[in-house]
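Engineer: the following block contains a protein sequence and its predicted model.
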Amino acid sequence: MKRYFYLLIILTGSLGFHSCDYVANPNETNQNTGGPGNVDTTEHIRRVLVEDYTGHKCTACPQAAIEAENLINTFGEQVVVVAVHAGFFSTPTTPAGAPAGSYLVDFRTSAGNAYDSPTYFGISSIGNPNGMINRKDYNASSGDHVKSYGSWATEVAGLLGKPAVADINITNTYDASTRSLSINLVSQFVSDTLLNGNYNLVVMITQDSISDWQLNGSTHVPDYIHRHVLRANVNGTWGENIVNGTITPNGTITKNYVYSLPTAYLGNSCDATKCHVVAFIYNMFNYEVIQAAEKKVVE
C-alpha cells in the first residue's frame, strides 16, 4: 500500500512589469487532516523540467529552442520547458550592426538572474545555449548539472523511465474582465520510499508566442517567436517549503494568494491564452526536481 501525502494549494496574484507580488489570504491554513486508510488507484505520470538558458543575442540559442520543441513533440506533456533569459546575451542593448531600437525588450527576471548567478547554477558563465534537466547532478564546482542541448533528449528519456515519486495537478480559473487568475494546485507524494525530506514548491508564470528580435547565427530576426519565456515567480525565487522531515500520509496544506495578469508585459501583449502556470517540487538538499507540471491559464 502506498504512503502518500496530499497538498492543496490555491493561488491568485498580481504580475508587475518586472516582478510579481502576491498577498496572502487571511484564511490560509496548514493542515494534516488525512489518514492512511485509503488506496491510491490514480496513475501518476512522471514529468521532467527542462530549463533552457538563453538570450536574444545568443547566436546559437535558436538551435536549443528547436531541440526543446523536439522534446515536446516526442514526449508530449511529460516535458515542461522554461526558457530562462539570463546573462550577457540577454541584456537589453542593441548589438553592432542591428537596427536602432532593436533588442531592447528585457526578458530577464529576478529569479532567472539568481539561478544563473555563480552562487547557484552559473549557466551563462559556462556558456549558452545550455540548460538543466530536473536540475540533477548539481555540484557547483564540477558543473555536471549543466547539460548541452544535444544531450537533453537522452537525459529526459532516462528520467521518464523511472516511476513518479510525486504528482502535481493544476487547475486554472481566469476572469478576463478583471484579468484575475485563480490557480488550484494539488500535489501528492506517491512513493513508498519517499518518506521524509525537505522539499520546496515553486510556482511560475511563463509566456509563449512573443514576437521580438533574436540573433540567429549572423542574422538579425525581427519577428522571432520566443516560447516558454519565464516571466515571474509567483511564490518567490526558491518557492515555499511544503515538507521538512517526515512526509505525513494524507496530510494537506492549503495556501491562498491574490494574483492578476497585467494588460501589458515588458512591451508585449500579455494574452492570457499564451500564458502558462508552471509548478515544480524540488529537494532542498541538492535542488533536484522530483516532479513538474504545466497548465495554460486559458485552455
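Structural biologist: The structure has been received and is ready for your questions.
Engineer: can you tell me the SS state at Asn235?
Structural biologist: Going by DSSP: H, G, I helix; E, B strand; the rest coil, the secondary structure assigned to Asn235 is coil.
Engineer: tally of neighbours for it?
Structural biologist: With neighbours defined by other CB atoms under 10 Å, the count for Asn235 comes to 21. Using the backbone N, CA and C atoms, a C-beta is placed for each residue, glycine as well.
Engineer: over to Ser148?
Structural biologist: What Ser148 shows, counting by other CB under 10 Å, is a neighbour count of 14.
Engineer: gap between the strand or helix carrying Leu181 and the chain center?
Structural biologist: With secondary structure defined by DSSP states H and E, Leu181 is part of strand 180-189. The gap between the average C-alpha position of strand 180-189 and the chain average comes to 14 Å, counting by CA atoms, centre = their mean, to the nearest Å.
Engineer: what's the average pLDDT for that strand?
Structural biologist: Model confidence over strand 180-189, given as mean pLDDT, is 87.
Engineer: okay, buried residues for that strand please.
Structural biologist: Judged by neighbour count (16 or more other CB atoms under 10 Å), strand 180-189 contains these buried residues: 180-183, 185-189.
Engineer: now stretch 284-299
Structural biologist: The neighbour-count criterion (16+ other CB under 10 Å) identifies 287-295, 297 as the buried residues of stretch 284-299.
Engineer: next secondary structure after the longest strand anywhere in the chain?
Structural biologist: Ranked by residue count and defined by DSSP state E, the top strand of the chain is strand 196-207. Per DSSP H and E, the first helix or strand lying C-terminal to strand 196-207 is strand 210-216.
Engineer: let me have the buried residues of stretch 284-299 in JSON lines, extended by pLDDT, secondary structure and distance to Glu240.
Structural biologist: What follows is the buried residues of stretch 284-299, written out as JSON lines (pLDDT from 0 to 100; DSSP: H, G, I helix; E, B strand; the rest coil; distance: CB to CB, whole Å):
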{"residue": "Tyr287", "pLDDT": "96", "secondary structure": "coil", "distance to Glu240": "15"}
{"residue": "Glu288", "pLDDT": "96", "secondary structure": "coil", "distance to Glu240": "17"}
{"residue": "Val289", "pLDDT": "97", "secondary structure": "strand", "distance to Glu240": "15"}
{"residue": "Ile290", "pLDDT": "95", "secondary structure": "strand", "distance to Glu240": "16"}
{"residue": "Gln291", "pLDDT": "95", "secondary structure": "strand", "distance to Glu240": "15"}
{"residue": "Ala292", "pLDDT": "97", "secondary structure": "strand", "distance to Glu240": "16"}
{"residue": "Ala293", "pLDDT": "96", "secondary structure": "strand", "distance to Glu240": "16"}
{"residue": "Glu294", "pLDDT": "97", "secondary structure": "strand", "distance to Glu240": "19"}
{"residue": "Lys295", "pLDDT": "95", "secondary structure": "strand", "distance to Glu240": "19"}
{"residue": "Val297", "pLDDT": "91", "secondary structure": "coil", "distance to Glu240": "21"}
